[in-house]
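Undergrad: everything below, folded, please.
(4 chains)
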Amino acid sequence: MLLVYCPYCDVERAETEFACRGEAHIARPADPTQVSDEDWVNYLYMRTNTKGVYAERWRHIHGCGRFFNAVRDTVSDRFLKFYKAGETMPDLEAIAKEAGK
Amino acid sequence: MKRYSFLELAKNAFSAHQNWGRQWRAPEPKAEYDVVIVGAGGHGLATAYYLAKEHGVHSVAVIEKGWLGGGNTGRNTTIVRSNYLWEESAGLYNHAIGLWQGLSQELNYNVMYSARGVMMLAHTVHDVQVAQRHIHANRLAGVQNEWLTPEQAKEYCPPLNIEKNIRYPVMGAALQRVGGTARHDAVAWGYARGADALGVDIIQNCAVTGIRRGQNGAVEGVETAKGFIKAKKVGVVAAGHTSTIMDMAGVRMPLESFPLQALVSEPVKPAFPCVVMSNTIHAYISQSDKGELVIGAGTDQFISYSQAGGIHISNHTIDAICELFPHFRRMRMLRNWGGIVDVTPDRSPILSKTPVQGLYVNCGWGTGGFKATPGSGHVFAHTIAKDEPHKINAPFTIDRFRTGRLIDEAAAAAVAH
Amino acid sequence: MSDLLANDLITPDAGEAPLLAQADVSILKAVPVTRLSYRGREGSLKAAGKAFGVALPVQPLSNSTAPKRAALWMGPDEWTLLAPEEELNAVFEAIEKGLGDTPHALVDVSHRSLAVIVSGAKAEWLLNTGIFIDLSLEAFPVGTVTRTIFHKAPVMLWRTGPDTFVVESWVSFMDYVSGLLVQVGQELAAA
Amino acid sequence: MSQPFRTEKGGRIDRAEQLTFTFDGEEMQGHKGDTLASALLANGVHLVGRSFKYHRPRGIISAGSEEPNALVGVYRNGDQTPNLRATQVELYQGLEAISQNRFPSLGFDIGAVNDLMSPLFPAGFYYKTFMWPKSFWDRVYEPIIRAAAGLGKPPKNPDHDVYGNIYVHCDVLVAGSGPSGLAAALAAAETGAKVILCDEQAEFGGSLLSETSASIDGKDPCDWVAETIAKLMTMDNVTLLPRTTAFGYFAHNFVALAERVTEHLSNPDPKLPRERLWQVRAKEVVIAAGAIERPMVFPENDRPGILMAESGRTYLNRYGVKVGHKVLVTTACDTAWQAAFDLKDHGVEVVAIADMRETPPANLISIAEARGIRVEAGCVVTGTLGRKRVKGALLGKLMTSGKVASGGQVACDAILMSGGWTPTVSLYSQSRGKVVWDADKGAYVPGKSVQNERSTGASKGLYGLQATLEDGYAAGEEAAKAATGKSAKITYSVATGGEAGAGGTLGALPHDRNAARVKAFVDYQNDVTAKDVKLAVREGMQSIEHIKRYTTTGMATDQGRLSNMNALQIASGALERPVTDVGLTTFRLPFTPTTFGLFAGVSRGDFFDPVRNTPSHDWVVANGGVYEDVGQWKRTWYFPKDGEDMHAAVARECKTARESVGLFDASTLGKIEVVGPDAAEFLERMYTNPWKKLAPGRCRYGLLLNDAGFIVDDGVIGRLAEDRFHVTTTTGGAPSVFATMEDYLQTEWPDLDVWITSTTEQFAVAAVQGPKAREVIAPFIEGVDLSAEAFPHMSVVEATFCGVPCRLFRISFTGELGFEINVPRRHGKMMWETLAKEIEKHNGTVYGTETMHVLRAEKGYIIVGQDTDGTVTPQDAGMSWAIGKKKLDFVGKRGLERPDLVAENRKQFVGLLTKDPKVKLEEGAQITVAENPATGTPAEGHVTSSYYSPALDRNIALAIVKNGHALEGKTLYVPMPNGSIPVEVTGPVFYDKEGARLNV
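TA: Sure, this is the predicted structure:
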């Protein structure tokens, strides 16, 4: 049971309060009518599934209800960064480097 | 290959078992093979075996980062069944059942396939509808599966609690009698020994670090910890690590890798005659030949390569087991472990050519790949040898996610009204 | 007893027998109250607080109270507003009027939840049998309010005194929540 | 005299309190403070069990949780718990224990024939045989293997004990209470940090409890322990947990502890939990798990009476029990000598100390000589005599050539052995730390910390009392500082004596016997011998994981704690590769076997999962309604009257609802209030339908897709005001629809000024359906003109019901005139009872979900999740009308345009009528073109819903069928085991196709 930090509540809570909602920064195309089937399948299903430092979405579903993002090392399950939804994607390589990965 | 038999065993007893040969070699990789298989799990080894056995392709290397059979093959709950909903799936898994039935003899290695019966419980009206749909579909497809009333279910599995006053009473069950269990390690070892005897090189402790593609985009070989190995055909059978390997060839996959836990109890005398599964309350249980209760838990909610999951997942599995089998509450967990399962959006595997010439992929088995091992290896070998899918795996493409022709086994568990 | 923060708002229902009454912990059903869910952006908060009668707290997990009013921070754009049961319409209309055209959402959820008051020296212990939050006074001071999970049920937890907590859940979960609290609380009566 | 092996005095048992217990029915005595093992030994009982494979007689070998042999069943309340370690079972008055894995008795076990046949059963033998004849595996061979396998018998009856749970946070968790653990706890506690100290044993103190030859601050170590514990008990910031095993170290410094609360009590209060799960989030962890002594792998090293040397010392000093009268001590290290000295000092004859080292330390030799103990240096045991109890040992002299010369035979009734010490790195390893090989110590020790933990004392390979104490204090200080930033001035206690010993050995020992014929055990419980490990290597197993799996070494209930290092060394020798190249198997949780009930905790019976009821509950129960489970909700399935079965009840309910009126509890449907200036825009984007032009006071059916284009939910949505909608969802879909809406709202369209609030439980909902629905509700509704003109189908209004505010919808899921009344939930009971009484006046009926399903099926309305299954598009469902044609986007729109979603031959939603109206199709039945399809014929579709329709007095069905819309009027077949059923494809609406009954 991971320990997850909610950037809105400013507390760490047990994972059971949260729902993980997959890879972060996969935006729904702004104008779906203009995108190809390939683009659409990329949005729907294609995931980097990174072994290593990875940005993912969490929702504090049994807390404040907010979505936010986390950077986690998927090998050790260590969280390296938490940030609010809408903030730009951090430099994962830099984070990995700093974490000594 | 020296054949195994009771006689051979007795003979060797006289020489104090000093003269048994190696079950497989530990070769150094050659510079080139016709086919390189990435991943020496059950599926990869079976693929190599059938490439050599059925397609005459003997120049095959199976490259394994760790030790053979050390991934999900050696970490699963060993359930074998084929009562899947869609005819595509049932065809694939039933093909495997056919091979399971003669596998010990085929490989001359006792894989202990035991048709103990797999019973899938229904706890709600919706479950009953879903189970009935499976049974009808299976009957048409020629897959054995039958309906049991709660009383019949209890007769088949006496420890089962069919009291009406439990939280989710058992309303019946779908029973596949040819389903059961097999010995997971023996499957990997049997295929390894069989493939090795047919000339396949199994190269362990050798990580693949890259996939080399030529000017025309086609595969030229793999970079490994032991140097470059040339091959015009590369089959990736890397389970949870498929995304990472495919990324080396620049192919994005519709996969996510989740931790999946399983656990066993301390060994006890025979107490459980079959396999029982409950998708609704998340319980999967059987008893091993050794006497351990083998219990499958669920996946964690986040992707991870840690091979470890949270305790709340075990808690939720064990509470379900204790509801269904309340006298197991005093039993004790001996060992708990985790695997990394690669899951596709429709919960069905991918057994397919890829956009890259010469690159083939076999993945996405999620939480249930063990049961398919022989069938998967068999049709994947065909796909690689012929450069076109066997008709059984033809529907299991990557492209189905783009076009929308999903084989959605998860849909069977669609939300209730 | 619900002390300090909410003693004029969340009070034991005199018509109901205690669910658990032991030396070191008691569980009492609370009287019905008006509960409103207020949603809005930062710019709306001042007016909303003014209309409601107490400012909407912006500090995460905090509360602000005034006589017969409590505003509980639920999220960065969500507050639960509490008032006596009979003031529902008055409060609702006052806020709607106070906000005017400012975008916001006000929804009556008075009937959605039930509350119990868990108090006593062992209250913290009892809640920790099902809630994975550090409930020590340093980590969870009086006035802290949060949603969380109690075993398998979502709940709202509000510390109204050093030894007093209000535990709210959606109505259909309350049998589970209070039932488990009572069952586990029996242990304290054991020899 | 009873307890012939009890010492005269000494030990920590309470000699004044005598306890009676039985083992295999034989009554014996022991004392408070004994374990079952120490009490058995006091009575001279060594033989306590049989091994797994060869059924060899086995005795108690250790004094701790690593015990592989002495597994017993303990009876309580008429049922037994199997596989308990006698070394961990605390004695209580009346304890009943039995031995395991033997038939008919422990002394005479038929399974022991396996031992004679053992040449046929080397490691992995079963992979090589039992393949012919093919059918014999599951029918003959496997049942025999299974019957022979397993240890104890499983419990027979449901367990009525309760199990507790507690979540805690602390600054410093100290696992283990030996010298380093106690020092760490004390040091951390002095800083004011919140400390938890746990130990798997009943008493704190670890090795100090059996240490009689050292002192701390000039005191007896036991007194120092008592003082330290007394001090810790006075501190509010310290939680002391004896009988508590730290069994799992998870990610993010989450550690799970198992506390055995009542198992040691003779008559526990049933209110107390049997065990309690402590789920601890520790800022810092100190692992003080100690080390365990390693067996020596010599031939016949498994006879009852052969124990670990330090365990022998523990039995003596802590429990006042002599392991024998004539004891041989065999060792490769210094520490075992002290066992010999202590035994001698208690008057036990020590026949010899056989140390395999050429030159054991001179000081030890002189102490031994002073006590008159024979010392054999460069000497190993090469075999033992006896069967159910060791009677003697063969000694061998190690020669410089590496060979062994016979060293004669000694008679003894017990052998104490010590191959040296193995640090307990299990918890460290579970924390995902990587152990490193320490060549000097001949052991794997913890490497870099991955989580916030540190090992201290023997668990990191540090020995010697003074050194471990010092290290413990430092670890505690460091942990507290890291957790809280605080430190305190701490006075370290100082120890004398208990020095670290040198020496140790790994792997199989040399001997002069026929290596092919003797058994030297590596893994006792699983009967894995040195030969087996070598065989595995010979057969090509190179990884330690393969060797482990092939031989099963390390897979017994002690998880290899005794065997791993020896197996590794043997494998390393056979492979001719250094130990570090062979690898080490992973230590997995739990540290020791852990009760299922502990994990399940309070989740049982009605608390297995919340039971969610609606306000009609009491009335339904009083009126005999039958429930079905829909998710966590209890929904009334049907209301049988006067002995009706389900079919009759449903037929009556359907008929009555169509002819007069029916009342249905729709409270479980999900409800979401969508509020804000952009509410319509938001719904426009979420649902397929258009919403912007829907006038306040009107409703519309909404269809929700996922972005892949498939139907996931539906419901009626009413517009209450310009900026306020009342959305309904399916019962099961409510949480996911809400979550999906939040997802799009927060992450895709955060600019929209709209908020959603779940109101599922704010309202109780009664559906009144049928021609007399208006008459039924009219008396209670105020302020609304209910006429068809003023309040037509698909309207919504805020009104009052019996004076209570309500939201009144005129909607229908039955095809009849219908209303749904939403009142605030606390008034739901009143509403339900009022209406239930009122419909009686109109000869109406209450009805449940089954009737609801029939009525809607007669009208061809879909049930999401039954008629759709996640692969159905709106077009497939014949609901293209629900798609806003002018909309540029909505969730699922782009997905719907994908090639296979617009392809020919999609399965489409249709009605089916059996040619024989009396024949009812089975739901889930498959549909084919051919009357008698060959096996393997792909199905054209399947029956999604099938009911007897009272209104039509015939059976009807809904289905999805390939190209179904084009097949209307055609005949298809539903092949069943007893023959094919011909069916005609129809439209899905069977009743009142014009919808006339809706608009009255």
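
Undergrad: for the rest of this, base every contact and every neighbour count on C-alpha atoms.
TA: Noted.

Undergrad: distance of residue B:278 from residue D:318?
TA: In this view, residue B:278 and residue D:318 are 49 Å apart by C-alpha to C-alpha, to the nearest Å.

Undergrad: which of the two has more neighbours?
TA: Per other C-alpha atoms under 10 Å in any protein chain shown, whichever of residue B:278 and residue D:318 has more neighbours is residue D:318, with 24 against 20.

Undergrad: which residues of chain A score low on pLDDT?
TA: A:101 (pLDDT under 70).

Undergrad: mind listing the helices in it by residue range?
TA: A:37-44, A:92-98 (DSSP state H).

Undergrad: among those, which is nearest chain D?
TA: Across the helices of chain A, chain D has its closest neighbour in helix A:37-44 (6.5 Å, C-alpha to the nearest C-alpha).

Undergrad: list the buried residues in the closest one.
TA: A:37, A:40-42, A:44 (16 or more other C-alpha atoms under 10 Å in any protein chain shown).

Undergrad: go on, stretch C:132-149?
TA: So for stretch C:132-149, counting by 16+ other C-alpha under 10 Å, buried means C:132-135, C:140-149.

Undergrad: also near chain B: which of these, exactly?
TA: Applying C-alpha under 8 Å from any C-alpha of the partner chain to the buried residues of stretch C:132-149, one finds that nothing falls near chain B.

Undergrad: okay if I get these as CSV plus secondary structure and distance to residue B:242?
TA: Shown next, in CSV, are the buried residues of stretch C:132-149 (DSSP: H, G, I helix; E, B strand; the rest coil; distance: C-alpha to C-alpha, whole Å):
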residue, secondary structure, distance to residue B:242
C:132, coil, 36
C:133, coil, 38
C:134, coil, 40
C:135, coil, 43
C:140, coil, 45
C:141, coil, 48
C:142, coil, 51
C:143, coil, 50
C:144, coil, 46
C:145, strand, 44
C:146, strand, 41
C:147, strand, 39
C:148, strand, 37
C:149, strand, 36
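
Undergrad: nearest to chain B, of those?
TA: residue C:132 (11.7 Å).

Undergrad: kindly export the helix or strand containing residue D:483 (C-alpha atoms) in CSV.
TA: Using DSSP states H and E, residue D:483 sits in helix D:465-484. In CSV, the C-alpha atoms belonging to helix D:465-484 read as follows (Å, rounded to 0.1, in the frame of the first residue of the first chain):
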residue,chain,number,x,y,z
LEU,D,465,27.2,-8.4,23.3
GLN,D,466,29.0,-5.2,23.7
ALA,D,467,29.3,-4.5,20.0
THR,D,468,25.6,-5.3,19.4
LEU,D,469,24.5,-3.1,22.3
GLU,D,470,26.5,-0.2,21.1
ASP,D,471,25.3,-0.7,17.5
GLY,D,472,21.7,-0.9,18.7
TYR,D,473,21.9,2.4,20.6
ALA,D,474,23.5,4.1,17.6
ALA,D,475,20.8,2.7,15.3
GLY,D,476,18.1,3.9,17.5
GLU,D,477,19.6,7.4,17.8
GLU,D,478,20.1,7.6,14.1
ALA,D,479,16.6,6.4,13.3
ALA,D,480,15.0,8.9,15.7
LYS,D,481,17.1,11.7,14.3
ALA,D,482,16.1,10.8,10.8
ALA,D,483,12.5,10.6,11.7
THR,D,484,12.0,13.6,14.0
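
Undergrad: could you give the bridge partners of the spatially most central residue of chain A?
TA: For chain A, the residue nearest the mean C-alpha position is residue A:56 (1.5 Å; C-alpha atoms, centre = their mean). Residue A:56 forms beta bridges with residue A:23, residue A:70, as assigned by DSSP bridges.

Undergrad: doesn't residue A:26 make contact with it?
TA: No. Between residue A:56 and residue A:26 there is no contact under C-alpha atoms under 8 Å: 9.7 Å.

Undergrad: how about the residue nearest to the spatial centre of chain D, nearest residue that isn't a chain neighbour?
TA: Nearest to the geometric centre of chain D sits residue D:599, at 5.5 Å (C-alpha atoms, centre = their mean). Counting by C-alpha to C-alpha, 6 or more residues apart in numbering or on different chains, residue B:315 is the residue found nearest to residue D:599 once chain neighbours are left out, at 4.7 Å.

Undergrad: host element of the one you found?
TA: Going by DSSP H and E, residue B:315 is part of helix B:311-324.

Undergrad: go on, residue C:89?
TA: Assigned by DSSP H and E, residue C:89 falls in helix C:88-99.

Undergrad: is chain D within reach of that helix?
TA: No. Using C-alpha under 8 Å from any C-alpha, helix C:88-99 stays clear of chain D, coming no nearer than 11.0 Å.

Undergrad: before we move on, back to that, report the mean per-residue pLDDT for the helix holding residue D:483.
TA: Across helix D:465-484, the average pLDDT comes to 98.

Undergrad: run through who's touching that helix.
TA: With contact meaning C-alpha atoms under 8 Å, 6 or more residues apart in numbering or on different chains, helix D:465-484 is reached by D:171-172, D:179-189, D:191, D:193, D:283-286, D:288, D:453-458, D:462, D:486-488, D:492-500.
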